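[1] The sequence isn't on hand, but the structure is:
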C-alpha cells in the first residue's frame with residue numbers, strides 16, 4: 001500500500017476541517033434567516049420605568065420657605081394606579097395621614113398644623129414605600145420672615161381700621177384671629193349672617209361663578225401677621 005507523505009496528510013486534514021467549519025457557519029446563517037414573507041425580528045423593547053406612587057408635594061398656601069404661623073395647606077399628587085387612601089404622610093416623623101382628604105382629581109390635600117419654627121420635614125409615600133419629601137420652613141407669625149430686623153419703636157394697634165381684634169397678646173402685636181359670616185341682602189348691603197339662625201333664602205342675593213349660582217354668603221377672616229393686619233373674604237357654603 002502506498003502511504004501519503006506526512007506533510008500531505010496534514011494538509012488534507014486541515015482542508016477538511018476548514019470545509020466542515022464553513023458548512024457549519026453556512027448552516028447557522030441559514031437557520032438565523034427568517035423564511036419567505038416573514039419580517040425580521042426588531043430590537044428588544046426597552047424596560048419600562050417604574051411608576052412613582054407620589055408624583056408631587058406642593059405647599060398651596062405660600063412658598064414652602066416662607067410659611068408663618070405654624071400651619072400650611074399642602075397637596076400631595078398620587079399616581080392614577082395608586083389608591084389614595086393607602087398613602088401615608090408624616091411630619092417630622094409623626095404620622096399625620098388623617099389630616100389629608102382625597103380631592104376629586106385623586107390627589108390629597110390637608111391643612112398641616114403644629115409646624116415648629118425653622119425647618120420641618122414632610123414626607124408622603126405609597127404602599128410600595130416610594131415617596132417624596134419637602135422641607136417647610138416656618139417663621140413666627142409676628143415676623144420677621146425675610147425683611148430683616150423689625151423697626152422700633154412700633155405703635156401696636158390690632159383694632160386699626162375697625163378690625164376689632166382686641167388687645168395684642170404679645171410684643172409682636174399678635175391678636176386672636178376673628179372669623180365672621182356676612183351675606184348680601186336685597187339692598188346690596190353686607191350684613192351679619194348667623195349659621196345657627198340663618199335668614200330666609202329669599203332675602204339673600206345670589207352670585208354666579210363658573211356657571212353655578214350660589215347664595216352670596218361670605219366668610220371674612222381678620223387676623224395679624226408680621227405686625228400688620230390682614231383681612232380675607234371668600235364666598236362659602238356655611239353648612240359645609
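    Happy to help now that I have it. Being a predicted model, the structure only gives us computed values, none of them experimental.
[2] Contacts only, for the nearest residue to residue 70 once chain neighbours are set aside.
    Closest residue in space to residue 70, ignoring its immediate chain neighbours: residue 115 at 4.8 Å, by C-beta to C-beta, 6 or more residues apart in numbering. Every residue, glycine included, has its C-beta placed from N, CA and C. The contact partners of residue 115, by C-beta atoms under 8 Å, 6 or more residues apart in numbering, come to 67, 70, 71, 72, 91, 136, 138.
[3] Mind doing that once more with 10 Å?
    67-72, 91-92, 122, 136-139 (C-beta atoms under 10 Å, 6 or more residues apart in numbering).
[4] out of those residues, which one sits closest to residue 151?
    residue 139 (17.3 Å; C-beta to C-beta).
[5] and the gap between that closest one and residue 155?
    Per C-beta to C-beta, to the nearest Å, residue 139 is found 23 Å from residue 155.
[6] Between the two, point out the one with more neighbours.
    residue 139 (20 against 7; other C-beta atoms under 10 Å).
[7] Quickly list what that one is bridged to.
    Using DSSP bridges, the bridge partners assigned to residue 139 are residue 68.
[8] isn't residue 224 right next to residue 167, touching?
    No. Residue 224 is not in contact with residue 167 according to C-beta atoms under 10 Å; the separation is 11.7 Å.
[9] joint contacts of those two?
    Joint contacts of residue 224 and residue 167 (C-beta under 10 Å, 6+ apart) are 156, 158, 175, 176.
[10] The residues you listed, buried ones only, as a ChimeraX selection?
    Those of these that count as buried under 16 or more other C-beta atoms under 10 Å are selected in ChimeraX with:
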select :156,158,175
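[11] So which of the shared contacts of residue 224 and residue 167 sit within strands?
    Among these, no member falls in strands (criterion: DSSP state E).
[12] So which of the shared contacts of residue 224 and residue 167 is the closest to residue 104?
    For the shared contacts of residue 224 and residue 167, the nearest to residue 104 is residue 176 (33.9 Å; C-beta to C-beta).
[13] Now do the contacts for the closest one.
    So residue 176 contacts 158, 165, 166, 167, 168, 169, 222, 223, 224 (C-beta under 10 Å, 6+ apart).
[14] which stretches of the chain have low pLDDT?
    1-51 (pLDDT under 70).
[15] all helices of it, in order?
    Using DSSP state H, the helices assigned to the chain run over residues 6-32.
[16] what domains does the record give for it?
    As assigned by automatic domain parsing, the chain contains the domains 54-139, 160-235.
[17] Tell me which of residue 224 and residue 167 has more neighbours.
    Neighbours per residue (other C-beta under 10 Å) separate residue 224 from residue 167, with residue 224 holding more: 23 against 10.
[18] partners of that one in the sheet?
    Beta-bridge partners of residue 224, as defined by DSSP bridges: residue 229.
[19] Now for it: which residues touch it?
    Residue 224 neighbours (C-beta under 10 Å, 6+ apart): 69, 141-142, 156, 158, 163, 165, 168-169, 172-177, 230.
[20] buried subset of those residues?
    69, 141, 142, 156, 158, 163, 165, 168, 172, 173, 174, 175.
[21] So the third one is in contact with residue 117, correct?
    Same thing as residue 142. No. Residue 142 is beyond contact range of residue 117, at 11.1 Å (criterion: C-beta under 10 Å).
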